[in-house]
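>>> have a look at this prediction, sequence included:
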Amino acid sequence: MLTRVELLQVADTVAREKGIDREEVLVAMEQAIQKAGRSKYGVEHDIRAEIDRANGEIRLRRFREVVETVDNEATQISLIEAQDRNPDAGIGDFLTEMLPPIEFGRIAAQTAKQVIVQRVRDAERDRQFNEFKDRVGEIINGVVKRVEFGNVTIDLGRAESVLRRDELLPRETFRPGDRVRAYIYDVRREQRGPQIFLSRTHPQFMAKLFSQEVPEVYDGIIEIRAVARDPGSRAKIGVHSNDSSIDPVGACVGMRGSRVQAVVGELQGEKIDIIPWSPDPATFVVNALAPAEVAKVVLDEEAHRIDVIVPDDQLSLAIGRRGQNVRLASQLTGWDIDIMTEKQDSERRQEDIRARSELFIEALDVDELIAHLLVSEGFSTLEEITGVATEELASIEGFDDDIATELQARAAAYIEQRDVAFEEQRKTMGVADDVAALPGMTPGLLVKLGEKGLKTLDDVGDLASDELLELAGTDSGLDEAQANDLIMAARAHWFTDEEAGA
């Protein structure tokens with residue numbers, strides 16, 4: 001059996017080798033001795049062990065709680081008996097009695113060893129988790145320990161980590177002993193111990209590499225505002241300088257491209273476009289589509305979409321091979337990007353003008369000239385004509401008050417006649433009256449709902465806002481907030497029914 005001094009020496013050695021606190025090792029030893037004591041005297045007893053931190057003396061005690069009525073003699077003692085031993089004892093106190101030190105037999109020693117090993121392992125796992133949980137988002141260096149089914153286990157010195165096959169760059173292979181640099185993207189506490197997950201494809205891996213290679217990024221003078229990657233092939237980063245005298249793109253490229261080439265080399269030749277970030281979405285999108293030239297952009301903030309018009313000879317460059325350039329630009333900016341040529345844009349605008357003109361010619365019974373004047377002034381629906389002030393309509397060149405009043409009267413009459421027809425269609429289709437009564441619902445939208453078989457409040461309530469917007473169409477004038485309000489109004493009876501049931 002270990003002497004007192006040897007016991008403390010063993011605790012110091014284990015703590016030093018495993019990198020854990022000496023106190024945790026001593027607690028593990030106490031639990032092992034406690035378990036052996038219960039094996040000897042009976043597991044039903046409340047036996048506790050204590051190791052003196054100064055001299056290594058082991059004290060073994062049995063604890064019994066002072067109670068009025070004894071239900072378990074192994075762990076309880078009556079108040080009368082307790083006061084015979086200690087007159088100051090009261091209900092809820094614990095009476096202790098020293099037990100003789102135990103000699104560890106082979107089985108007891110093996111059990112104690114298992115308890116100590118398990119506690120030390122748990123303490124080591126806690127230490128690893130606490131050390132690495134706050135390092136998520138850092139780049140770390142390690143040595144490949146083994147490769148299994150494409151997954152790489154990396155030795156970080158004080159822990160192991162996993163670089164899964166899908167987090168490796170394409171065509172990238174490692175062998176045991178290779179040094180690896182990767183990004184910590186997750187640390188999880190699991191049954192088998194803390195799991196540290198690494199990545200070389202994560203967008204922030206590139207951002208952190210630039211932080212290491214570019215002092216201005218490390219110091220915060222230059223910020224990397226956005227990153228988009230097609231790992232191993234191509235990437236785009238949006239950079240912004242907080243110092244107007246420093247060019248963010250030039251600083252990241254470095255003298256003769258030295259800085260960016262260091263990052264490219266680490267990423268197996270991944271081509272990197274360094275782009276000036278801008279708070280203006282249109283400018284940022286134009287920059288992000290480089291090297292393609294952009295002629296014009298049209299923003300749709302509600303749909304979070306940008307139509308980009310490029311010269312005919314720039315279309316393939318803007319889209320990129322297999323759509324890579326526009327896809328990365330969309331990821332970088334966070335906007336959906338639709339690219340078309342100037343010819344396609346012209347044809348689309350002509351078609352739009354023609355469709356609006358035909359609507360006004362038919363609905364207002366006017367000639368092509370007046371219809372074109374209305375379209376050129378930005379009118380696209382009959383509701384816009386009835387909703388505008390007569391004076392504003394009369395201010396159009398060639399119009400006067402009489403023409404404006406007549407156009408609004410004709411538009412109102414057509415809308416009324418059309419809505420009557422829609423109402424009849426709605427009833428024929430069986431769309432419920434309570435759906436028609438929803439705030440913000442229009443006759444035209446009711447017909448579109450009926451055509452899709454959506455006839456009840458539950459049918460409308462089950463829709464998502466984007467589904468309702470798509471069904472309504474761009475000419476409905478319905479925006480996302482209105483769509484949400486309409487859907488919530490359709491769901492209102494669900495909550496009323498629940499309250500009634502409760």
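Nice, I can see it.
>>> pLDDT weak spots in the stretch 401-502 of the chain?
The stretch 401-502 of the chain contains residues with pLDDT under 70 at 474-477, 497-502.
>>> can you give me the strands for it?
Using DSSP state E, counting those that start in this stretch, no strands are found in the stretch 401-502 of the chain.
>>> for the stretch 201-350 of the chain, same thing?
Taking DSSP E, counting those that start in this stretch as the criterion, the stretch 201-350 of the chain carries its strands at 222-230, 234-241, 271-276, 296-300, 305-310, 336-341.
>>> scan this protein for its longest helix.
Looking across the chain with DSSP state H, the single longest helix is helix 401-429.
>>> for residue 54, find the nearest of the strands of the stretch 201-350 of the chain.
strand 222-230 (54.7 Å; Cβ to Cβ). The C-beta positions use only the backbone N, C-alpha and C, and glycine is treated the same way.
>>> output the lowest mean pLDDT helix or strand found in this structure.
helix 106-132 (a mean of 67; mean pLDDT, DSSP states H and E).
>>> need the next SSE after that one, C-terminal direction.
Next along the chain after helix 106-132, taking DSSP states H and E as the criterion, comes strand 139-148.
>>> what helix or strand is the residue lying farthest from the centre of the chain located in?
The centre of the chain is farthest from one residue, residue 84, which by Cα atoms, centre = their mean lies 66.2 Å away. Element membership for residue 84 (DSSP H and E) is helix 79-85.
>>> shaky segments in the stretch 1-150 of the chain?
In the stretch 1-150 of the chain, residues with pLDDT under 70: 1-7, 18-19, 102-117, 119-120.
>>> go with 90
The stretch 1-150 of the chain contains residues with pLDDT under 90 at 1-138, 140, 148-150.
>>> helices or strands next to the one helix or strand residue 392 maps to in the packing?
Secondary structure assignment for residue 392, by DSSP H and E: helix 390-394. Here helix 390-394 touches helix 401-429, going by 3 or more Cβ pairs under 8 Å, 6 or more residues apart in numbering; DSSP states H and E.
>>> buried stuff in the helix it packs on?
404, 407-408, 410-411, 414-415, 422, 425-426, 429 (16 or more other Cβ atoms under 10 Å).
>>> likewise for stretch 135-150?
In stretch 135-150, counting by 16+ other Cβ under 10 Å, buried: 139-140, 142, 144, 147.
>>> tell me which of these is nearest to residue 393?
residue 139 (63.7 Å).
>>> can you pull the contacts of the closest one?
181-184, 205, 208-209, 212 (Cβ atoms under 8 Å, 6 or more residues apart in numbering).
>>> run the last query once more with 10 Å
Neighbouring residues of residue 139 by Cβ atoms under 10 Å, 6 or more residues apart in numbering: 181-184, 198, 200, 204-205, 207-209, 211-212, 266.
>>> can you give the contact residues for the helix holding residue 392?
The contact list for helix 390-394 (Cβ under 10 Å, 6+ apart) reads 374, 377, 379, 385-386, 399-405, 407-408.
>>> of the residues you listed, closest to residue 276?
Nearest to residue 276 among the contacts of helix 390-394: residue 377, at 37.3 Å, using Cβ to Cβ.
>>> name the SS class of the residue lying closest to that closest one once chain neighbours are set aside, please.
Nearest residue to residue 377, sequence neighbours excluded (Cβ to Cβ, 6 or more residues apart in numbering): residue 396, at 5.6 Å. Secondary structure state of residue 396, per DSSP: H, G, I helix; E, B strand; the rest coil, is coil.
>>> mean confidence for the helix or strand harbouring residue 355?
Element membership for residue 355 (DSSP H and E) is helix 342-364. For helix 342-364, the mean pLDDT works out to 85.
>>> got the angle between it and strand 336-341?
100 degrees (axes from the mean of the first three to the mean of the last three Cα atoms, to 10 degrees).
>>> what angle do helix 401-429 and the helix or strand following helix 342-364 make with each other?
Next helix or strand after helix 342-364 toward the C-terminus (DSSP H and E): helix 368-376. Counting by the same axes, to 10 degrees, helix 368-376 lies at 80 degrees to helix 401-429.
>>> show me what helix 368-376 is packed against.
When contacts are defined as 3 or more Cβ pairs under 10 Å, 6 or more residues apart in numbering; DSSP states H and E, helix 368-376 packs onto helix 342-364, helix 401-429.
>>> what sits up against the helix or strand that that helix is followed by?
Sequence order places helix 382-387 as the next helix or strand after helix 368-376, per DSSP H and E. Residues outside helix 382-387 that contact it (Cβ under 10 Å, 6+ apart) are 359-360, 363-364, 374, 377-379, 381, 393, 404, 407-415, 418, 442, 475-477.
>>> in helix 382-387, what counts as buried?
382-383, 385-386.
>>> returning to that earlier point: so how far is the helix holding residue 84 off the chain centroid?
63 Å (Cα atoms, centre = their mean, to the nearest Å).
>>> so which elements touch that helix?
Applying 3+ Cβ pairs under 10 Å, 6+ apart, one finds that helix 79-85 makes contact with strand 58-67, strand 76-78, strand 94-99.
>>> how far off strand 58-67 does the last one point, in degrees?
In other words, strand 94-99. Using the same axes, to 10 degrees: strand 94-99 against strand 58-67 is 150 degrees.
>>> distance between the longest strand anywhere in the chain and the chain's centre?
Longest strand of the chain, by residue count under DSSP state E: strand 179-190. Computed by Cα atoms, centre = their mean, the chain-centroid distance of strand 179-190 equals 18 Å.
>>> does residue 56 touch residue 33 like I think?
No - using Cβ atoms under 10 Å, residue 56 makes no contact with residue 33, being 11.9 Å away.
>>> which among the buried residues of helix 382-387 gets closest to residue 12?
Proximity of these to residue 12 (Cβ to Cβ) peaks at residue 383, which lies at 84.6 Å.
>>> re earlier: list the buried residues in the helix holding residue 392.
residue 393.
>>> next one: stretch 327-335
Under 16+ other Cβ under 10 Å, the buried positions of stretch 327-335 are 327-333, 335.
>>> of those, just say which sits nearest to residue 298.
Distances from residue 298 to those, taken by Cβ to Cβ, are shortest for residue 335, at 11.7 Å.
>>> my read is that that closest one contacts residue 286, right?
No - Residue 335 is beyond contact range of residue 286, at 11.5 Å (criterion: Cβ under 10 Å).
>>> common neighbours of the two, please.
With contacts defined as Cβ under 10 Å, 6+ apart, the residues shared by residue 335 and residue 286 are 297, 306, 308, 329.
>>> quick check: PyMOL command selecting the buried ones in those residues.
This is how PyMOL selects the buried members of those, with burial counted by 16+ other Cβ under 10 Å:
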select buried, resi 297+306+308+329
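>>> now the shared contacts of residue 335 and residue 286 in JSON lines, with pLDDT and distance to residue 122?
Below are those laid out as JSON lines (pLDDT from 0 to 100; distance: Cβ to Cβ, whole Å):
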{"residue": "297", "pLDDT": "89", "distance to residue 122": "58"}
{"residue": "306", "pLDDT": "90", "distance to residue 122": "54"}
{"residue": "308", "pLDDT": "90", "distance to residue 122": "57"}
{"residue": "329", "pLDDT": "93", "distance to residue 122": "49"}
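>>> thinking again about what came up before, out of residue 56 and residue 33, which sits in the busier spot?
Set residue 56 next to residue 33 and count neighbours by other Cβ atoms under 10 Å: residue 33 wins out with 26 against 19.
>>> could you check how far residue 377 is from residue 296?
Per Cβ to Cβ, to the nearest Å, residue 377 is found 21 Å from residue 296.
>>> who has more neighbours out of these two?
More crowded of residue 377 and residue 296, by other Cβ under 10 Å: residue 377, with 15 against 12.
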